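K.L.:
Here is my input, please return the structure:
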Amino acid sequence: MRIALIQPPIEDFYSSPQRTYPLGLTYLAAACRDLPVDIEIIDLITSHGRYTLPVPDAFRSVISYFPYDRAPIAAFHTYYHYGASWKRIADHFKQNFYDICALSSNFYTYSEEVLKTAETIKSVSPASTVVVGGQNVGPYHDLFTSSPYIDHCIRGEAELSFRQWISVLLGDGTTTDHIPGIWDPGHNKWNPPVIAGTYCLSPDIGTLPVNAYRIAGKPAIMLSTSRGCPAGCRFCVVSRTFGSALRTKSVDQVLIEMQTAYDRGIRVFDIEDDNFSLKRSHCITLLDEIIRTFKGNIECYAMNGLSAEHLDEEIIDRLLKANFKLLNISLATVSVEHLQALHRHTDISHFVRIARYAGKMGLKTIGHYIAGLPGQSLSEVLASMRLLAELPLILGISPFYYIPGMDLSVPHVPVSCKEARLTRFFPVDDHLDERDLITLFRLSRWINYLKKQLLKKSLVSLAFNDIPSVFPDDLFLRSLVDNGKIIGVDRQNNLFDHNVSGTVIRSFRDLFRDTIIYCA
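P.N.:
Here you go, the predicted structure:
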């Protein structure tokens, strides 16, 4: 039996190539490595380039806000297909037959690309069985179960379920009736998912080319040292896949996985856990072993973010000794009332302390916050922005987007899955509209640009109103302070004013008038 584990292409205004590592597929490959099957991971995103597409109808209401711009604080402006073309995909599956084509779908907003991949495969290889799994799969929408090109779906952790399903197809004498998380197309019902219990498996990195995935120009892989999240944030759905109980992998096993990758030439490791530092003893022991084993000869990241609540000075010191290059921490919002309503356990004073200590120790830090949450006011978003501007970190704004099945009341649900993404700036209620959200996005980039210029001048901080005197020749900085304008540069190098929300700009300038902005 030939099995293809497939990561479909995506279509959007931008992509993060350092984030396309198909970690989940390597676990599926590991779960079936001792079965009589031939498994191939087919990554249709990485190393396949991109090409320009017409902007979809779902973005018609916002595309006018994104003209071509060469300014240092420019946003995106072109819509792309990232990955192999549909023709190339069709040619591959026409020339190479697979009994099973298993497609990964982790993001609701890219569901159409998964559906198109399934349709493309079936059009040239109708005898192949197409199955879809991942965090976006389940009874929360019917995009996959209603598709004539998808034969089966699996929700939840899939290592055990996928292995059992393959065993049934291989003729082990059992049926699919009791396989966790399987969608039964005959009865149009889902089997209940369970935590798979196969997390002790090491991912099969041998199914991937060593140099295909790179971070900071160096060969890289992603790691997972734990699963499960007990936090229960109402805007997050990770627990429906991995459960709400934290499960850690043994330190010895993690070190074996890292050493195996190191021996193959890997020098960068991105730990993708949702709760890497939740179990403090496990985190410290693992960091100590990484320090002892690799002696600074590797670089580490945790791009999925670390919870500031579970960090302290001792852990940060170890992160630095283990050669972590970046710290991602999330504030979500500065509003204590909103945090409580979201079931988000953020201690703002502790967040500030951690950010300041990380900055003091020279650890590059990004502080993330959300704009456009249901019920969120403009003043709340700006207050979050100001708090982060006053800390030695880079601002990471995350426009809120809808995910089916989230435990949160969303007044305006997008019709198209394409609208449920960061780049759409879809307003989920009447507090902030698209132009407001896009303006907040541009202001966040403006602050980061200012922080970068402070670094160039070796300035620790600067008062907002002193910007014109310190940067008299920088029109991108001065135009906002002096005139409330955000400047762009067109293809002919002409300056132009971006279409921004006057209300947002006025409120921003009023709030930031006496703000001291710190270098990141």
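K.L.:
which residues are contacting stretch 83-94?
P.N.:
8-10, 42, 44-46, 48-51, 101, 116-117, 120-121, 123-125, 128 (C-beta atoms under 8 Å, 6 or more residues apart in numbering). Where you see a C-beta, it was placed from the backbone N, CA and C, and this is true even at glycine.
K.L.:
as a whole number, average confidence for that stretch?
P.N.:
For stretch 83-94, the mean pLDDT works out to 98.
K.L.:
May I see the buried residues of that stretch?
P.N.:
The neighbour-count check on stretch 83-94 (16 or more other C-beta atoms under 10 Å) flags 83-84, 86, 89-90, 92-93 as buried.
K.L.:
what do you get for stretch 386-406?
P.N.:
Residues 386-404, 406 are the ones in stretch 386-406 that count as buried (16+ other C-beta under 10 Å).
K.L.:
What ranges in the chain fall below the confidence cut-off?
P.N.:
Scanning the chain for pLDDT under 70 picks out the ranges 195-200.
K.L.:
most distant residue from the middle of the chain?
P.N.:
residue 173 (40.4 Å; C-alpha atoms, centre = their mean).
K.L.:
does it count as helix, strand or coil?
P.N.:
Residue 173 falls in the coil class when you classify it by DSSP: H, G, I helix; E, B strand; the rest coil.
K.L.:
Filter the buried residues of stretch 386-406 down to just the ones in helices.
P.N.:
Among the buried residues of stretch 386-406, the members found in helices (DSSP state H) are 386-389.
K.L.:
a markdown table for those residues, including distance to residue 192?
P.N.:
Below are these laid out as a markdown table (distance: C-beta to C-beta, whole Å):
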| residue | distance to residue 192 |
| --- | --- |
| 386 | 46 |
| 387 | 42 |
| 388 | 41 |
| 389 | 46 |
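K.L.:
and of those, the nearest to residue 236?
P.N.:
residue 388 (20.1 Å; C-beta to C-beta).
K.L.:
State the distance from that closest one to residue 331.
P.N.:
Per C-beta to C-beta, to the nearest Å, residue 388 is found 7 Å from residue 331.
K.L.:
How about residue 505?
P.N.:
Using C-beta to C-beta, residue 505 is found at 22 Å from residue 331.
K.L.:
which of the two has more neighbours?
P.N.:
Neighbours per residue (other C-beta atoms under 10 Å) separate residue 505 from residue 331, with residue 331 holding more: 25 against 18.
K.L.:
Please, which helix or strand holds that one?
P.N.:
Element membership for residue 331, per DSSP states H and E: strand 327-332.
K.L.:
State the next helix or strand along the chain beyond that strand.
P.N.:
Next helix or strand after strand 327-332 toward the C-terminus (DSSP H and E): helix 336-341.
K.L.:
just checking, what packs against that next one?
P.N.:
If contacts are counted by 3 or more C-beta pairs under 8 Å, 6 or more residues apart in numbering; DSSP states H and E, helix 336-341 sits against no helix or strand.
K.L.:
ok and the next helix or strand after that helix relative to strand 327-332, angle-wise?
P.N.:
As assigned by DSSP H and E, the chain's next helix or strand after helix 336-341 is helix 348-360. Going by axes from the mean of the first three to the mean of the last three C-alpha atoms, to 10 degrees, helix 348-360 is angled at 150 degrees with respect to strand 327-332.
K.L.:
Mind listing the strands the helix or strand following helix 348-360 pairs with, and their directions?
P.N.:
Later in the chain than helix 348-360, the nearest helix or strand by DSSP H and E is strand 365-371. Here strand 365-371 is paired, per DSSP bridges, with strand 327-332 (parallel), strand 394-399 (parallel).
K.L.:
Which helix in the chain has the most residues?
P.N.:
helix 434-456.
K.L.:
Neighbouring strands - and their directions - for the helix or strand just after that helix?
P.N.:
Next helix or strand after helix 434-456 toward the C-terminus (DSSP H and E): strand 461-463. Neighbouring strands of strand 461-463 in its sheet, by DSSP bridges, are strand 516-518 (antiparallel).
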